[in-house]
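> Have a look at this prediction, sequence included:
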Protein chains: 2
Amino acid sequence: MKLLLISNSGTPLYHWRKKEIADFLGGRKTFFVSAANISNPRKYFEDARKSLNEVGVNLNHLDLEENPNNQLEQVEAILMGGGNTYHLLNELAKAELMEKLRSKVKNGTPYVGLSAGANISGPNILTTNDWNVLASTFFEALGLVSFNISPHYLDPHDKKNFSGESKDDRIKEYQEFHSNNVLGMEEKTMIAVADGNITVAGEGKVKLFIKNQNPKEYKSGEFFTT
Amino acid sequence: MKLLLISNSGTPLYHWRKKEIADFLGGRKTFFVSAANISNPRKYFEDARKSLNEVGVNLNHLDLEENPNNQLEQVEAILMGGGNTYHLLNELAKAELMEKLRSKVKNGTPYVGLSAGANISGPNILTTNDWNVLASTFFEALGLVSFNISPHYLDPHDKKNFSGESKDDRIKEYQEFHSNNVLGMEEKTMIAVADGNITVAGEGKVKLFIKNQNPKEYKSGEFFTT
């Protein structure tokens, strides 16, 4: 299994690490899923296509409105775009793509996940920062990795200035109900997963939360297993 | 109907506006719901009881583990504590208290809602910042007011530093699926709702998001209707 999971930074689209994405895709026929975008998924695809074209990636659209099941056979690599995680999972589940995607990636199709697209590679999406604005009841995700992901991770803030919950508080709440690990990923940070080995790259750190233990931090060039 | 809805600031508990809470409760037999707290709801009640005792409020516990339906008759005022909104709503729904609470408050029982407790006074909880860590499928709330509430509201941040969605982005996403208004409430800010008139108090501002319009801001002493 080959995954590249990215806690993205928005502007300009993918600029910060386009080269790594292109290298990872390695010239395969790549399909982009833009369904995490609520307001204009087609424009999101067009923007991504233009941006990645500059590094030689010729992106196709796996448009969930257009019989995506028929296109699946052609898919040699998947780029799962960011946006609202609840919306993305809901659209994939409604299109009955979850089991087929899971199976394809487990059988070796390379998968790049950006923020929401990284989120759905875990067992469930309950550690997303996104709001469930569509009242979706789909929570179970692709389960390509055993740990949950929380992109756009931030270290705890000073509660004197703002008393709302930190990401650490929320991950602790999650682990009151679930026993699996959670990986907080700062922006502009990514992990490459290859046969169970996880390597960190990018500008920030990741933080692995193991239930009832102190979290462990890893930076670019470091690796870990779970 | 008499509501006091508070975007709370945590430490020390209720310190910043205890006096207003005591005045609003006006010596009525008040029951505290601590079920938004995941890790230790009983301790949360004890802390609240001690804190409000200093301003002459003798708080009772509406403990959802202890046949709360039997206690409802005695309830003259309700203090709905903060924590995880999904957990709170799930516990209230499981205890079959939603309809009875709604009816009591609509018939005049004063209601104070703190953060998650304020959230559930709207039509649904889909604008909470909290994570649905328990995979709850209860989203419909008390509907005491027509607008949704988003406590711990923050103005948009500079996307150059952090590209994750702002509250404004998320509220816009919500209004792609729902037509009702959303009230963002900064910390240490509250609104008093009395027969349809809404008055703002506290140290911050509230921001009313009306679908397809520019949001309107109100500060302490200002009032509005919806």
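Done, it's in. Residues are numbered from 1 along each chain as shown, chains lettered A, B, ... in the order given.

> Residue A:108 and chain B, how far apart?
31 Å (CB to the nearest CB, to the nearest Å). All C-beta atoms are positioned from the backbone trio N, CA, C, and that covers glycine.

> cool, and residue A:58?
26 Å.

> what does the average pLDDT come to for the longest helix belonging to chain A?
If you go by DSSP state H, chain A has its longest helix at helix A:41-53. Confidence over helix A:41-53, taken as the mean pLDDT, stands at 93.

> Quick one: mean pLDDT for the next helix-or-strand element following it?
Next in sequence after helix A:41-53, counting helices and strands by DSSP states H and E, comes strand A:60-61. For strand A:60-61, mean pLDDT is 96.

> ok, back up a step: using PDB, list the CA coordinates for the longest helix of chain A.
C-alpha atoms of helix A:41-53 as PDB (Å, rounded to 0.1, in the frame of the first residue of the first chain):
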ATOM      1  CA  PRO A  41     -16.500  21.000  -6.900                       C
ATOM      2  CA  ARG A  42     -16.000  21.400 -10.600                       C
ATOM      3  CA  LYS A  43     -14.100  24.700 -10.200                       C
ATOM      4  CA  TYR A  44     -12.000  23.000  -7.500                       C
ATOM      5  CA  PHE A  45     -11.100  20.300 -10.000                       C
ATOM      6  CA  GLU A  46     -10.200  22.800 -12.700                       C
ATOM      7  CA  ASP A  47      -8.000  24.800 -10.200                       C
ATOM      8  CA  ALA A  48      -6.200  21.600  -9.200                       C
ATOM      9  CA  ARG A  49      -5.800  20.500 -12.700                       C
ATOM     10  CA  LYS A  50      -4.100  23.700 -13.800                       C
ATOM     11  CA  SER A  51      -1.900  23.800 -10.700                       C
ATOM     12  CA  LEU A  52      -0.600  20.300 -11.100                       C
ATOM     13  CA  ASN A  53      -0.300  20.600 -14.900                       C
END
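
> Counting neighbours, which bits of that helix end up buried?
A:41, A:44-45, A:47-49, A:51-52 (16 or more other CB atoms under 10 Å in any protein chain shown).

> ok, then the element right after the worst-scoring helix or strand of chain A on mean pLDDT?
Lowest by mean pLDDT, DSSP states H and E among the helices and strands of chain A is helix A:68-71, with a mean of 88. Sequence order places strand A:77-80 as the next helix or strand after helix A:68-71, per DSSP H and E.

> Check the residue lying farthest from the centre of chain A and give its pLDDT.
Relative to the C-alpha centroid of chain A, counting by CA atoms, centre = their mean, residue A:160 is the outermost residue, at 32.2 Å. pLDDT for residue A:160: 79.

> Now do it against residue B:106, distance only.
Distance of residue A:160 to residue B:106, computed by CB to CB, to the nearest Å: 38 Å.

> Output the contacting helices and strands for the longest helix of chain A.
helix A:18-25, strand A:30-33, strand A:60-61 (3 or more CB pairs under 8 Å, 6 or more residues apart in numbering or on different chains; DSSP states H and E).

> Using PDB, write out every CA atom in the longest one.
It refers to helix A:18-25. Coordinates of each C-alpha in helix A:18-25 appear next as PDB, following Å, rounded to 0.1, in the frame of the first residue of the first chain:
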ATOM      1  CA  LYS A  18       3.600  20.000  -5.900                       C
ATOM      2  CA  LYS A  19       6.900  18.300  -6.800                       C
ATOM      3  CA  GLU A  20       6.500  15.600  -4.200                       C
ATOM      4  CA  ILE A  21       3.000  14.900  -5.300                       C
ATOM      5  CA  ALA A  22       4.100  14.600  -8.900                       C
ATOM      6  CA  ASP A  23       7.000  12.300  -8.000                       C
ATOM      7  CA  PHE A  24       4.600  10.100  -5.900                       C
ATOM      8  CA  LEU A  25       2.100   9.800  -8.700                       C
END
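
> Which positions within it qualify as buried?
Those would be A:18, A:20-22, A:24-25, for helix A:18-25 by 16+ other CB under 10 Å.

> elements contacting that helix?
Using 3+ CB pairs under 8 Å, 6+ apart: helix A:18-25 touches strand A:2-7, helix A:41-53, strand A:77-80, strand A:111-114.

> pLDDT (mean, whole number) over that helix?
Here the average pLDDT along helix A:18-25 is 91.

> got a list of contacts for it?
A:2, A:4, A:6, A:14, A:51-52, A:54-57, A:77, A:79, A:110, A:112, A:190, A:192, A:201 (CB atoms under 8 Å, 6 or more residues apart in numbering or on different chains).

> where does chain A have low pLDDT?
Scanning chain A for pLDDT under 70 picks out A:10-16.

> Chain B contacts on that one?
Within chain A, the positions lying close to chain B (CB under 8 Å from any CB of the partner chain) are A:8-11, A:38-39, A:84, A:124, A:126-135, A:137, A:139, A:151-152, A:154, A:159-160, A:162-165, A:170, A:172-174, A:176-178, A:187.
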